[in-house]
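**Student:** Predicted model follows, preceded by the sequence.
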Amino acid sequence: MSSTPEETAPYGGGPAVPAAETPKVIRRIRTHHLREMKQRGERFSMLTSYDQLTAQVFDEAGIEVLLVGDSASNNVLGNSTSIPVTVDELLPLTRAVSRSVSRALVVGDLPFGSYQASPEQGYLTAARFMKEGGAHCVKLEGGVEMAPQIERMTRGGIPVMAHIGFTPQSEHALGGYRVQGRGDAAERLLRDAEAVQEAGAFAVVMEMVPGDVAAQITAKLEIPTIGIGAGNQCDGQVLVWQDAFGLRTGKMPRFVKQYADLRSTLLDAARTYDSEVKSGAFPGPEHTF
Ligand SMILES: Nc1nc(=O)c2c([nH]1)NC[C@@H]1CN(c3ccc(C(=O)N[C@@H](CCC(=O)O)C(=O)O)cc3)CN21
Ligand SMILES: CC(C)C(=O)C(=O)O
Ligand SMILES: [Mg+2]
């Protein structure tokens with residue numbers, strides 16, 4: 001274990017005690033902690049977050065990694081896919097999340113067109129997410145073909161999370177929302193996974209990949225794998241929070257499990273407010289000066 005007593009002391013301040021007697025409370029999740037969790041066979045969790053209040057809640061819940069996803073495009077900004085979102089739109093959301101966590105690792109998701117053109121373009125974009133967004137690392141989509149970008153960022157001090165399998169920014173190139181890595185394509189997926197690890201990525205998201213293929217890749221790689229529609233043998237899991245907690249409506253991908261029904265809760269509350277305003281029941285004397 002390479003964590004210092006300061007990082008593992010449960011209440012801070014007090015004398016350092018031997019690591020073996022100390023509960024493993026990590027003050028701030030770093031990329032190396034995820035790798036150490038993998039080595040110990042511990043899973044970790046990741047959710048998207050795009051604002052201050054969800055970032056605070058998920059951080060308090062103990063979610064290790066918060067992704068300010070380019071999925072803000074179709075979950076916050078009103079688009080129907082992640083393709084149109086821009087760097088300038090994602091930076092303020094990234095900054096809101098990074099300012100609001102005390103423990104979680106904050107990942108800035110590089111949007112379509114902001115890194116694919118060249119390693120230089122990628123580095124400059126990634127640096128903006130670190131400097132202006134306060135991200136602790138960035139994520140980009142792609143395997144073998146993105147190795148030069150990953151190398152460049154890593155060399156320049158920016159930790160990179162890769163994303164392989166179904167990569168939503170390439171929806172039109174991949175021919176729609178479909179499982180990747182079935183049959184012969186499993187070999188190519190493994191090559192992508194090995195290429196991003198070799199290029200220096202500290203973790204890799206695998207989206208819509210057969211569970212057995214994801215399990216094999218997870219066993220082969222030293223870096224942690226994070227699944228979304230990739231079975232339960234990955235080292236971590238990620239979901240879009242509005243899917244997981246039922247704020248979004250419409251057809252859900254098969255990989256989503258709904259842990260709450262926030263949309264009904266919010267709809268009921270909004271309707272009750274509306275009717276109390278219209279009846280004059282709100283505001284009452286206790287809300288009036
Ligand atoms: N709210 C939300 N959730 C997501 O998971 C998500 C986003 N937005 N935006 C960006 C990408 C797009 N993603 C998607 C979108 C749709 C499917 C989907 O429709 N999947 C179907 C088809 C699978 C198939 O035909 O093989 C499914 O049933 O899983 C999957 C991933 C994942 N990301
Ligand atoms: C679905 C996750 C992995 C993502 O990239 C996003 O939310 O943008
Ligand atoms: Mg994304």
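**Tutor:** Yes, it's here. Ligands and ions are numbered 1, 2, ... in the order given.

**Student:** Buried residues, the longest helix along the chain. List them.
**Tutor:** Longest helix in the chain, counting residues (DSSP state H): helix 262-279. By neighbour count with 16 or more other CB atoms under 10 Å, helix 262-279 contains the buried residues Leu262. No exception for glycine: its C-beta is placed from N, CA and C like everyone else's.

**Student:** Tell me which residues are up against it.
**Tutor:** Contacts to helix 262-279, defined as CB atoms under 8 Å, 6 or more residues apart in numbering, come from residues Phe245, Gly246, Leu247, Arg248, Thr249, Ala281, Phe282.

**Student:** where does this protein have low pLDDT?
**Tutor:** 1-23 (pLDDT under 70).

**Student:** how many neighbours does the residue of it found nearest ligand 2 have?
**Tutor:** Residue nearest to ligand 2 within the chain: Gly69 (2.6 Å; CB to the nearest ligand atom). If you count neighbours by other CB atoms under 10 Å, Gly69 ends up with 27.

**Student:** Next: the one 10 residues further on.
**Tutor:** Here the number of neighbours of Asn79 (other CB under 10 Å) works out to 15.

**Student:** Of all residues in the stretch 1-150 of the chain, which one is closest to ligand 1?
**Tutor:** Residue nearest to ligand 1 within the stretch 1-150 of the chain (CB to the nearest ligand atom): Ser71, separated by 3.6 Å.

**Student:** measure Asp184 to Pro210 for me?
**Tutor:** Distance of Asp184 to Pro210, given as CB to CB, to the nearest Å: 12 Å.

**Student:** higher neighbour count, those two?
**Tutor:** The residue with more neighbours, out of Asp184 and Pro210 and counting by other CB under 10 Å, is Pro210; that gives 20 against 7.

**Student:** Tally up the residues packed near Arg99, please.
**Tutor:** Counted by other CB under 10 Å, the residues lying close to Arg99 total 12.

**Student:** and stretch 50-63 with ligand 1, contact?
**Tutor:** No - Stretch 50-63 does not reach ligand 1 (CB under 6 Å from any ligand atom); its nearest approach is 11.3 Å.

**Student:** can you map out the strands along this protein?
**Tutor:** Using DSSP state E, the strands of the chain run over residues 44-48, 65-68, 105-109, 137-141, 160-165, 203-207, 225-228, 236-239.

**Student:** Format these as a markdown table; extra columns: mean neighbour count.
**Tutor:** Formatted as a markdown table, these follow (neighbours: other CB atoms under 10 Å):
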| stretch | mean neighbour count |
| --- | --- |
| strand 44-48 | 22 |
| strand 65-68 | 30 |
| strand 105-109 | 28 |
| strand 137-141 | 25 |
| strand 160-165 | 28 |
| strand 203-207 | 27 |
| strand 225-228 | 27 |
| strand 236-239 | 24 |
